[in-house]
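Participant: Provided below for reference: sequence and predicted model.
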Amino acid sequence: MSIQEQYRSRAKELLGEGSVKMVIGYGVGTTATRRRPIFITSPDETDRLVLDASCRTNLAGYLLREGLLADQKSIAVFLLPDGVRALNILAAESQLATAQIVVLGFEIKGEEVKPLEGTAAGDFSAIIAERKEQRKAQPSHEMAVKLEEMTPAERFAFWEKEFSRCIKCYACRAACPMCWCRRCVVDNNQPQWVNTSSHTLGNLEWNLVRAFHLAGRCVECGNCSEACPVNIPLHLLNGRMTDEVLTAFDHYPGADEQQEPVLASFRKDDPETFIL
Ligand code: SF4
Ligand code: SF4
């Protein structure tokens with residue numbers, strides 16, 4: 001039985017026995033390699049589920065939509081390890097209870113999709129710990145290495161040029177599982193903190209404000225870069241923040257659901273004198 005068949009059958013079983021009210025998974029998209037999220041509520045619909053190497057979107061953010069979890073019923077969701085990390089962060093930030101979530105975990109290696117053992121977020125701690133060590137060993141993107149080799153002035157020029165193409169569509173925000181605020185600071189116009197028009201200063205403000213809000217929270221799923229209509233490599237900036245908090249605080253975002261937020265916690269033995 002293929003992995004797709006295994007997971008369809010698992011989804012059918014969960015819905016059939018009534019242990020979940022919905023399965024959030026992947027369905028066919030507009031092209032052969034695009035997948036779109038689908039929301040299955042009946043065992044008869046599980047044949048629509050697709051699982052292959054194109055299923056890379058982090059689906060964790062859909063769990064927060066429109067009071068979906070308000071009735072305390074469980075939902076099953078297809079998640080890569082980065083998706084489980086997002087789930088842990090959402091739980092740590094009191095946005096959901098992982099007890100309500102059944103994880104249908106999988107990983108992608110090259111073009112191969114492999115099943116992951118477990119159904120609760122905590123069952124995936126070993127693979128997340130492994131990812132942390134890999135991340136410490138090397139940045140995952142070739143472009144990230146090139147950016148590191150630039151001088152600060154060259155790097156600033158690189159990002160200024162990239163952000164100059166931003167059209168302020170906020171698709172990156174909508175696609176990001178960690179951008180869960182009902183009202184974003186950039187939508188506030190009394191006072192208006194960030195200029196909403198698309199020009200150099202406003203674009204820089206928007207993208208840097210967003211990057212700061214994701215420091216220690218970005219799980220590097222790539223949803224933002226995928227959603228950006230002008231192909232700004234946002235994951236490189238947010239991934240750089242991940243490296244920063246990993247080096248400075250040994251903090252790997254979403255390691256577990258008890259993890260304290262890196263920018264809202266402190267240790268008494270912190271070497272910075274301003275702490276005490
Ligand atoms: S900032 Fe981008 S890469 Fe990071 S969690 Fe959000 S969507 Fe994923
Ligand atoms: S998705 Fe891209 S163009 Fe749209 S607001 Fe985000 S960075 Fe700008």
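Facilitator: Perfect, I can see it now. Ligands and ions are numbered 1, 2, ... in the order given.
Participant: Give the bridge partners for residue 24, please.
Facilitator: residue 39, residue 77 (DSSP bridges).
Participant: Quick check: it vs ligand 1, distance?
Facilitator: 16 Å (C-beta to the nearest ligand atom, to the nearest Å). Bear in mind the C-beta positions are built from the backbone N, C-alpha and C, glycine included.
Participant: domains of the protein?
Facilitator: Listed domain ranges for the chain are 3-133, 142-264 (source: automatic domain parsing).
Participant: Can you flag the weakest of those by average pLDDT?
Facilitator: For the domains of the chain, the weakest mean pLDDT is recorded on domain 142-264, namely a mean of 90.
Participant: ok so, going back, of all the domains of the chain, which lies closest to residue 270?
Facilitator: Residue 270 lies closest to domain 142-264 among the domains of the chain, at 9.1 Å (C-beta to C-beta).
Participant: That closest one: end-to-end distance?
Facilitator: The straight-line separation of the ends of domain 142-264 (C-alpha to C-alpha, to the nearest Å) is 31 Å.
Participant: same deal with stretch 49-68?
Facilitator: Stretch 49-68 end-to-end distance (C-alpha to C-alpha) = 20 Å.
Participant: Just checking the distance from that stretch to the centre of its chain.
Facilitator: Mean-position distance between stretch 49-68 and its chain equals 10 Å (C-alpha atoms, centre = their mean, to the nearest Å).
Participant: Please apply the same query to stretch 186-194.
Facilitator: Centre-to-centre, stretch 186-194 and its host chain are 25 Å apart (C-alpha atoms, centre = their mean).
Participant: And for stretch 162-172?
Facilitator: That offset, for stretch 162-172, works out to 19 Å (C-alpha atoms, centre = their mean).
Participant: now check that stretch, is it near ligand 1?
Facilitator: No: interface with ligand 1: stretch 162-172 contributes nothing (C-beta under 6 Å from any ligand atom), its closest point being 6.7 Å away.
Participant: Just the C-alphas of the strand ranked longest in the chain, formatted as PDB.
Facilitator: For the chain, the longest strand by residue count, based on DSSP state E, is strand 101-109. Provided in PDB are the C-alpha atoms of strand 101-109 (Å, rounded to 0.1, in the frame of the first residue of the first chain):
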ATOM      1  CA  ILE A 101      -5.200  17.700  17.500                       C
ATOM      2  CA  VAL A 102      -4.400  14.400  15.900                       C
ATOM      3  CA  VAL A 103      -1.200  14.800  13.900                       C
ATOM      4  CA  LEU A 104      -0.800  12.800  10.600                       C
ATOM      5  CA  GLY A 105       2.900  13.300  10.500                       C
ATOM      6  CA  PHE A 106       5.200  12.800   7.500                       C
ATOM      7  CA  GLU A 107       8.500  13.900   6.100                       C
ATOM      8  CA  ILE A 108       9.900  14.500   2.700                       C
ATOM      9  CA  LYS A 109      13.400  13.400   1.700                       C
END
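Participant: Would you mind naming what in this structure lies close to ligand 2?
Facilitator: Counting by C-beta under 6 Å from any ligand atom, the chain sits next to ligand 2 at 166-172, 227-230, 232, 234.
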